[in-house]
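Peer 1: what shape does this take:
(2 chains)
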There are 2 protein chains.
Amino acid sequence: MSKTIKLEQKVQAKGHELAAELRELFRSKGIFVVNLIGSPGSGKTTLLQAIAPKVRGRAAVIEGDLATDVDKRRIEEAGLRAHQINTVGACHLDAMMVRDALETFSIEGIDLLFIENVGNLVCPASFELGEDIKVAVVSVTEGDDKPAKYPKAMRVASALIVTKADLLPHVRCDIDRMTRDAREQVPDMPVFVTSAEDGQGVDDLLAWILERARARA
Amino acid sequence: MSKTIKLEQKVQAKGHELAAELRELFRSKGIFVVNLIGSPGSGKTTLLQAIAPKVRGRAAVIEGDLATDVDKRRIEEAGLRAHQINTVGACHLDAMMVRDALETFSIEGIDLLFIENVGNLVCPASFELGEDIKVAVVSVTEGDDKPAKYPKAMRVASALIVTKADLLPHVRCDIDRMTRDAREQVPDMPVFVTSAEDGQGVDDLLAWILERARARA
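Peer 2: Okay, the predicted model is just below:
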């Protein structure tokens, strides 16, 4: 094993330790944490905007992006408290960034925290942030081969959220194929077909998240 | 500086050396190389399928994906020779993977090589593959904030290719905003608005690529 790989594993191990501490912290405060993973433009922020009015007062959002705070502002306009992490070069959030965010961003009084990862269907799948569940977000406009082509994102996810379903009449996208490929990685994986535009699937998704939160508590 | 960072820089430096060797090889054979960078589902393969009939006999494609060979097969069906690299875990192609590919994939007799990187608008921007130019591919369905949110991908790109323009009537996407944000990183960046569905912009894009190839020769 090369020295680089050994050192990288050390850094990752440290990240896992810190993630375990964060998980402990979130549990002690009764906060259920959802880590959203998806490509740039898969509709993660828009989905959270659709959920926002239903969880006002009890939820908050941490936004990860290389640059800009546009997503934070969109979430705030939708009525939730939000904090922006700019990773500058980094292709994913890590536990240290979340810990640092919590130094200035208060999570008192909430029981639901969404962490929207950097737009990237690859790297965020490998990093623990102290979350209870990861969910994978894939839009119908990306094509139905994404669950097969990004198996690790499926493997670490507790659910597949298909977004932009209102665009289905205009694109070639076979939801059955996506479901089948996702379930090759995780048998019985829940699949939510949603549209923030017309609201379909959003209530079902939120009910499932709240049920998972109750089951953990 | 930590040991990890020093070692990572060594690995990257080695990658740059190898990329320079590849660049030399491609030039000696008169091959112009285009490295396509874009999110999962941004339409890179579909764009290459639209270009394929216009460059049959003179072009080939190297496909990068974490898993599956669906893109290779799509390119072959469109009439070009193609080679699939499966990166398994890796979030980008590197020069070593391209060098290894060339051991079995012949590039004799072509003057144009497209390398379609792993679907990821972040990591591939940091790695040289011996290409002449990188181009950034962003679809209208991803939203018009992507050039602002992924500045490095813009900075290393010689052109921004906007795809899926046929879907513009169904989504909110301001091409002027994308153009403005891309040109904040690279003044006068060429922007091609394309649709593989109705063919718009594809000829202009190809003409520009071939002009770049002539200018280099």
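
Peer 1: alpha carbons only for contacts and neighbour counts from here, please
Peer 2: Will do.

Peer 1: which residues does the closest residue to residue A:168 other than its chain neighbours contact?
Peer 2: Closest residue in space to residue A:168, ignoring its immediate chain neighbours: residue A:140 at 6.6 Å, by C-alpha to C-alpha, 6 or more residues apart in numbering or on different chains. For residue A:140, the contacting residues are A:162, A:163, A:164, A:165, A:167, A:168, A:171, A:173, by C-alpha atoms under 8 Å, 6 or more residues apart in numbering or on different chains.

Peer 1: per-residue confidence at the fourth one?
Peer 2: It refers to residue A:165. On the pLDDT scale, residue A:165 is placed at 98.

Peer 1: ok, and the closest non-adjacent residue to it?
Peer 2: residue A:195 (5.1 Å).

Peer 1: the one you found against residue A:201, yeah?
Peer 2: Yes. Taking contacts as C-alpha atoms under 8 Å, residue A:195 lies within contact range of residue A:201: 6.8 Å.

Peer 1: more neighbours, those two?
Peer 2: Between residue A:195 and residue A:201, residue A:195 has the larger neighbour count (other C-alpha atoms under 10 Å in any protein chain shown), namely 23 against 19.

Peer 1: residue contacts, that one?
Peer 2: Here residue A:195 is in contact with A:47, A:163, A:164, A:165, A:166, A:201, A:202 (criterion: C-alpha under 8 Å, 6+ apart).

Peer 1: what's the burial count for the closest residue to residue A:170 other than its chain neighbours?
Peer 2: What sits nearest to residue A:170 in space, not counting adjacent residues and going by C-alpha to C-alpha, 6+ apart, is residue B:167, at 7.5 Å. By other C-alpha under 10 Å, 19 other residues sit near residue B:167.

Peer 1: enumerate the residues of chain A near chain B.
Peer 2: Contact residues (C-alpha under 8 Å from any C-alpha of the partner chain) of chain A with chain B: A:3-4, A:7-8, A:39-43, A:65-68, A:89, A:91, A:120-123, A:141-143, A:146, A:148-152, A:167, A:170.

Peer 1: where along chain A do the helices fall?
Peer 2: Listed in chain order, the helices of chain A (DSSP state H) span A:3-28, A:44-51, A:70-77, A:95-104, A:146-149, A:151-155, A:175-185, A:202-216.

Peer 1: need those helices in TSV with mean pLDDT, can you?
Peer 2: Below are these laid out as TSV (pLDDT from 0 to 100):
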stretch	mean pLDDT
helix A:3-28	84
helix A:44-51	98
helix A:70-77	98
helix A:95-104	97
helix A:146-149	98
helix A:151-155	98
helix A:175-185	98
helix A:202-216	97
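
Peer 1: now these in TSV, with mean neighbour count and distance to residue B:34?
Peer 2: Putting those into TSV (neighbours: other C-alpha atoms under 10 Å in any protein chain shown; distance: least, C-alpha to C-alpha, whole Å) gives the following:
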stretch	mean neighbour count	distance to residue B:34
helix A:3-28	16	30
helix A:44-51	20	30
helix A:70-77	18	31
helix A:95-104	15	35
helix A:146-149	24	22
helix A:151-155	24	27
helix A:175-185	19	30
helix A:202-216	14	41
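
Peer 1: any idea which residue sits dead centre in chain A?
Peer 2: residue A:36 (0.6 Å; C-alpha atoms, centre = their mean).

Peer 1: what's near enough to touch that one?
Peer 2: A:44, A:114, A:115, A:116, A:117, A:134, A:135, A:136, A:137.

Peer 1: let me know the closest of the residues you listed to chain B.
Peer 2: When the contacts of residue A:36 are ranked by distance to chain B (C-alpha to the nearest C-alpha), residue A:44 comes first, at 10.7 Å.
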